[in-house]
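# Let's see this in three dimensions:
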Amino acid sequence: MPLPLSRELAQRVIDQVAPTLEFNINVMDPAGRIIASTDPARIDGFHAVARAVALGEPGIVHDGGSPTERAGVNLPLRLEGGIVGVLGVTGPPERVAPLAQVLVMTIVLLLEREREMDEAARRDAADRELLARLVSGELTGRKIEASLAAGLPELPPPWRLQAILAPGGTDSATAAEDVPPPRAPHRRARFGGAWWILTGGRGTGGEQEPADAPAGAAILDGGPCTTGGELAGSAQALGALAAAPRLLPAPGASGRLRLDELAAELSVACLPPATAAALAGRVAPLRAEHLHTLQAFAAAGGSVSETARELFLHRNTAMQRLDRIRQLTGLDPRIPAEAQTLHLAAIASRRGEPGDPSAPSTMDNMHSSDD
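All right, here's what the predicted structure looks like:
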């Protein structure tokens with residue numbers, strides 16, 4: 001059974017075709033009520049002929065007997081296999097009959113297009129609401145599973161949530177639009193400065209993931225989740241990271257940052273601002289080359305020789321930098337517990353304040369030269 005024809009949609013279509021016509025046109029619902037017209041005074045009037053046309057009778061009126069039954073031609077509007085309304089064109093039937101036939105085809109095409117646009121807008125709004133509730137933590141556990149099973153398209157597990165972030169913490173619209181939607185069933189929405197893409201079932205395999213991020217952008221990848229609880233945790237973690245993009249490291253060539261590799265960044269993102277600022281103060285005396293050395297030392301697993309090779313330094317120079325870090329901060333990066341504090345403090349130092357021109361930009365932290 002076709003959906004009823006709304007007044008708003010009928011009037012939008014009338015307004016699109018009316019400027020090229022010299023005749024009055026009306027759209028009636030199947031009950032005969034005029035719901036749209038080029039003559040506003042006729043709206044809500046009853047049209048007996050239109051009611052008869054909706055029931056399958058002819059709709060030519062040669063001599064109108066009342067203000068709502070003027071001479072003209074009335075034809076059914078068919079959508080989705082049913083009559084959703086009646087088009088009426090006022091004027092001598094012999095003149096307006098050919099025009100009415102063309103108008104019916106034109107208006108049906110416009111109605112189909114408008115309905116598709118309305119349906120797409122409704123789907124977009126539904127996807128945005130679902131994903132926003134998921135990321136905010138409003139949806140959890142079985143509620144998530146029920147929502148994903150009932151939506152269009154249905155998303156069976158396992159699920160994978162990803163957020164596309166533009167460089168510099170700026171609006172991600174341009175960057176994300178360069179990424180084609182995944183081929184698998186998915187939900188997609190833009191909010192909070194990121195594009196969010198949730199895929200389900202077969203779409204979580206590597207070959208069916210979204211393409212690599214556009215230049216300078218990054219994809220936060222929550223990884224596969226088999227239960228609503230796992231997806232809730234992944235979504236909330238990605239939301240915390242997307243809200244603090246300055247904390248993120250520079251992505252690799254693929255542009256993808258995996259959630260399971262961002263535990264330290266997530267820990268800092270969840271700290272109260274005052275606590276994070278105090279932590280960042282621990283490395284405030286350090287220069288860029290010291291922070292870069294800390295990053296390389298951590299990536300090298302605490303190996304001085306490997307750090308020196310990574311930074312193209314003499315081993316003694318790398319040792320001198322580590323000693324200088326200890327002198328300036330009171331924390332020795334060669335002691336694991338103190339190294340962890342330094343690592344978290346370095347991440348917190350990226351946070352900065354919104355609009356602070358001195359703060360490092362998103363995803364290009366610690367990329368300055370060594371000396």
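# now the stretch 201-350 of the chain, which segments are flagged as low pLDDT?
202-216 (pLDDT under 70).
# Swap in 50 and give it another go.
Applying pLDDT under 50 to the predicted model, the residue ranges of the stretch 201-350 of the chain that meet it are 203-208.
# Show me the helices in it, by range?
Along the stretch 201-350 of the chain, the segments classed as helices by DSSP state H, counting those that start in this stretch run 228-242, 263-269, 273-280, 288-299, 304-311, 315-329, 336-349.
# so what secondary structure elements neighbour the fifth one?
Helix 304-311 sits against helix 288-299, helix 315-329, with contacts defined as 3 or more CB pairs under 8 Å, 6 or more residues apart in numbering; DSSP states H and E. In this view, the C-beta of every residue, glycine as well, is placed from N, C-alpha and C.
# before we move on, what about the last one?
Applying 3+ CB pairs under 8 Å, 6+ apart, one finds that helix 336-349 contacts helix 263-269, helix 273-280, helix 288-299, helix 315-329.
# residues touching residue 308, list them.
Counting by CB atoms under 8 Å, 6 or more residues apart in numbering, residue 308 makes contact with 314-315, 317-318.
# who wins for neighbours among those residues?
Comparing these by number of neighbours (other CB atoms under 10 Å), residue 318 comes first, having 23 neighbours.
# quick one: it from residue 340, how far?
Residue 318 sits 20 Å away from residue 340, taking CB to CB, to the nearest Å as the criterion.
# same question, residue 104
For residue 104, the distance to residue 340 equals 73 Å [CB to CB].
# out of those two, which sits in the more crowded spot?
When residue 104 and residue 340 are compared for neighbours, residue 104 comes out ahead with 18 against 14, by other CB under 10 Å.
# you'd agree the more buried one is up against residue 87?
Yes. Between residue 104 and residue 87 there is a contact at 5.5 Å, judged by CB atoms under 8 Å.
# For the two, list the residues in contact with both.
75-77.
# Flag every buried residue along stretch 254-270.
Taking 16 or more other CB atoms under 10 Å as the basis for neighbour counts, the residues of stretch 254-270 that come out buried are 255-257, 259, 262, 264-266, 268-269.
# mind checking the SS state of residue 53?
Secondary structure of residue 53, reduced to three states by DSSP: H, G, I helix; E, B strand; the rest coil: helix.
# got the contact list for the closest residue to it other than its chain neighbours?
Closest residue to residue 53 in three dimensions, ignoring its sequence neighbours and counting by CB to CB, 6 or more residues apart in numbering: residue 59, at 3.8 Å. Contacts were defined as CB under 8 Å, 6+ apart; by that measure residue 59 touches 49-50, 52-53, 73-76, 86, 88.
# most surrounded residue in those?
In terms of neighbours by other CB under 10 Å, these top out with residue 88 at 30 neighbours.
# who touches the residue nearest to residue 137 when sequence neighbours are not counted in this structure?
With CB to CB, 6+ apart as the measure, residue 236 is the residue that lies nearest to residue 137, at 5.0 Å, once sequence neighbours are left out. With contacts defined as CB under 8 Å, 6+ apart, residue 236 is in contact with 135-137.
# Can you report how many residues lie near the closest residue to residue 339 other than its chain neighbours?
In space, residue 339 comes closest to residue 333 once its chain neighbours are excluded; the distance is 4.7 Å by CB to CB, 6+ apart. By the measure other CB under 10 Å, the count of residues near residue 333 is 24.
# Distance of residue 333 relative to residue 316?
Residue 333 sits 16 Å away from residue 316 when distances are taken as CB to CB.
# Please work out how many residues are found near residue 153.
If you count neighbours by other CB under 10 Å, residue 153 ends up with 13.
# Next: residue 347.
By the other CB under 10 Å criterion, the neighbourhood of residue 347 contains 28 residues.
# Now it. Nearest residue, chain neighbours left out?
What sits nearest to residue 347 in space, not counting adjacent residues and going by CB to CB, 6+ apart, is residue 268, at 4.7 Å.
# and what of residue 126?
Computed as CB to CB, 6+ apart, the closest residue to residue 126 that is not its neighbour in sequence is residue 151, at 7.0 Å.
# Thought residue 122 was touching the one you found, still the case?
No. Using CB under 8 Å, residue 151 is not in contact with residue 122; the gap is 11.8 Å.
# now the helices of the stretch 201-350 of the chain in a markdown table, with distance to residue 201?
Written out in a markdown table, the entries for those read as follows (distance: least, CB to CB, whole Å):
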| stretch | distance to residue 201 |
| --- | --- |
| helix 228-242 | 13 |
| helix 263-269 | 27 |
| helix 273-280 | 38 |
| helix 288-299 | 36 |
| helix 304-311 | 41 |
| helix 315-329 | 48 |
| helix 336-349 | 35 |
